[in-house]
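Novice: sequence first, then the predicted structure, then my questions.
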Amino acid sequence: MPEQGRHEVEHEITIAAPAVDVYRLIADVENWPRIFPPTVHVDHLERSSTEERIRIWATAGGAAKNWTSHRTLLPDELRIDFRQEVSAPPVAAMAGTWLIEPRSANESRVRLLHDYRAVDDDASHLAWIDQAVDHNSRSELAALKTNVELDVSAKDLLLSFEDTVHVAGAAKDLYDFVNEAHLWTERLPHVARVDLEEETPGLQTLEMDTRTKDGSTHTTKSIRVCFPHHRISYKQITLPALMSLHTGYWLFEETADGVTATSQHTVAIKREAVAEVLGTGAKISDARSYIRDALGANSRATLGHAKTYAERDR
């Protein structure tokens, strides 16, 4: 029996994918931004073959929050145990387990277990946690099902690519150019409007209007996690019509004679939007080319202007 004040709940879903594939995608936290809608970025703080500490940045109410969790990986049992190291009020403690159970060669049952306590065992706090855990668990499992099945059986809808330039400058200058997005309307011709919020240093909400080749604009909104002066990871929470997912990062790596600057994108194509956006008869391959060209052009333009900025005094 659970100790007094501690609640235990369980949610489950059936996924049309082999259990080992489901486990792999949950176990590798680098997959989380594309599997779980609230997750923006996950970093390993410590790791071994079976134990790890991870820091998670995720959206809550449209803003980015972060916390640290400990996980125990048991691949032979297709099981992952987790617990929050420091919980945010009204949660006093939170832990749980992922259990993946094979039902057939190509179908799995996923069970998500939680146990938790409220601060001071307060009844109103506990009711709030009950509701939040129930909502988040249902949403996470539904997203897991959609994205695992997409990963296993519809790989043509997933697209990852990067563009890279070499810069005879400093990583700090390149990082500053990308980090200071509030200046992009002055620095980047394809950016028509920017609204940048950063209440917590390193956690940004970026909304912008981007010009397309035909002169029209589209609005996107992203959560960005910034690591000076090395990396900026982001996830779009307001997307163009053709995409159901867009994550990426800017990476600045020192070399012997300068810096390698990279823009990376991972996109999921919205199948039902292809004909609407690109015209009757358009195929997934057309959407892949269109997205690669559009995002790549903007990335290369940004990298080019950042390169000029970083090399200006050299």
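Specialist: Received the coordinates, thanks.
Novice: select the longest helix from this protein.
Specialist: Under DSSP state H, the helix in the chain containing the largest number of residues is helix 123-153.
Novice: low-confidence ranges, this protein, go.
Specialist: The model of the chain has pLDDT under 70 over residues 1-4, 60-63, 313-314.
Novice: buried ones in the longest helix of the chain?
Specialist: 125-126, 129, 133, 136-137, 140-141, 143-145, 147-148, 150-152 (16 or more other C-beta atoms under 10 Å). Where you see a C-beta, it was placed from the backbone N, CA and C, and this is true even at glycine.
Novice: in these, find the pair that's most separated.
Specialist: With C-beta to C-beta as the measure, no two of the buried residues of helix 123-153 lie farther apart than His125 and Val152, at 39.4 Å.
Novice: does Leu25 touch Glu149 like I think?
Specialist: No. With contacts defined as C-beta atoms under 8 Å, Leu25 does not count as touching Glu149, sitting 10.7 Å away.
Novice: where along the protein do the strands fall?
Specialist: When assigned using DSSP state E, the strands of the chain occupy the ranges 6-15, 39-47, 51-60, 63-74, 79-84, 91-104, 107-118, 158-167, 191-200, 203-211, 217-227, 231-238, 243-255, 258-269.
Novice: can you put the ones you listed in JSON lines and add distance to Gly279?
Specialist: Formatted as JSON lines, the strands of the chain follow (distance: least, C-beta to C-beta, whole Å):
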{"stretch": "strand 6-15", "distance to Gly279": "34"}
{"stretch": "strand 39-47", "distance to Gly279": "33"}
{"stretch": "strand 51-60", "distance to Gly279": "33"}
{"stretch": "strand 63-74", "distance to Gly279": "37"}
{"stretch": "strand 79-84", "distance to Gly279": "44"}
{"stretch": "strand 91-104", "distance to Gly279": "40"}
{"stretch": "strand 107-118", "distance to Gly279": "37"}
{"stretch": "strand 158-167", "distance to Gly279": "19"}
{"stretch": "strand 191-200", "distance to Gly279": "25"}
{"stretch": "strand 203-211", "distance to Gly279": "21"}
{"stretch": "strand 217-227", "distance to Gly279": "17"}
{"stretch": "strand 231-238", "distance to Gly279": "24"}
{"stretch": "strand 243-255", "distance to Gly279": "17"}
{"stretch": "strand 258-269", "distance to Gly279": "15"}
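Novice: need those in a markdown table (columns: distance to Glu180 and mean neighbour count).
Specialist: Written out in a markdown table, the entries for these read as follows (distance: least, C-beta to C-beta, whole Å; neighbours: other C-beta atoms under 10 Å):
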| stretch | distance to Glu180 | mean neighbour count |
| --- | --- | --- |
| strand 6-15 | 42 | 15 |
| strand 39-47 | 20 | 17 |
| strand 51-60 | 20 | 17 |
| strand 63-74 | 18 | 17 |
| strand 79-84 | 33 | 17 |
| strand 91-104 | 35 | 17 |
| strand 107-118 | 40 | 20 |
| strand 158-167 | 17 | 16 |
| strand 191-200 | 8 | 14 |
| strand 203-211 | 10 | 19 |
| strand 217-227 | 11 | 18 |
| strand 231-238 | 11 | 20 |
| strand 243-255 | 12 | 19 |
| strand 258-269 | 15 | 21 |
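Novice: nearest to Thr302, out of the ones you listed?
Specialist: Between Thr302 and the strands of the chain, the shortest gap by C-beta to C-beta is with strand 258-269, which sits at 6.9 Å.
Novice: show me what that closest one is packed against.
Specialist: The contact analysis (3 or more C-beta pairs under 8 Å, 6 or more residues apart in numbering; DSSP states H and E) places strand 258-269 against helix 32-35, strand 158-167, helix 171-179, strand 243-255, helix 284-310.
Novice: and with 10 Å instead?
Specialist: The contact analysis (3 or more C-beta pairs under 10 Å, 6 or more residues apart in numbering; DSSP states H and E) places strand 258-269 against helix 32-35, helix 123-153, strand 158-167, helix 171-179, strand 231-238, strand 243-255, helix 284-310.
Novice: paired strands for that strand, with orientation please.
Specialist: Based on DSSP bridges, the pairing partners of strand 258-269 within the sheet are strand 158-167 (antiparallel), strand 243-255 (antiparallel).
Novice: what angle sits between the last one and strand 231-238?
Specialist: When you say that, I think you mean strand 243-255. In terms of direction (axes from the mean of the first three to the mean of the last three C-alpha atoms, to 10 degrees), strand 243-255 departs from strand 231-238 by 170 degrees.
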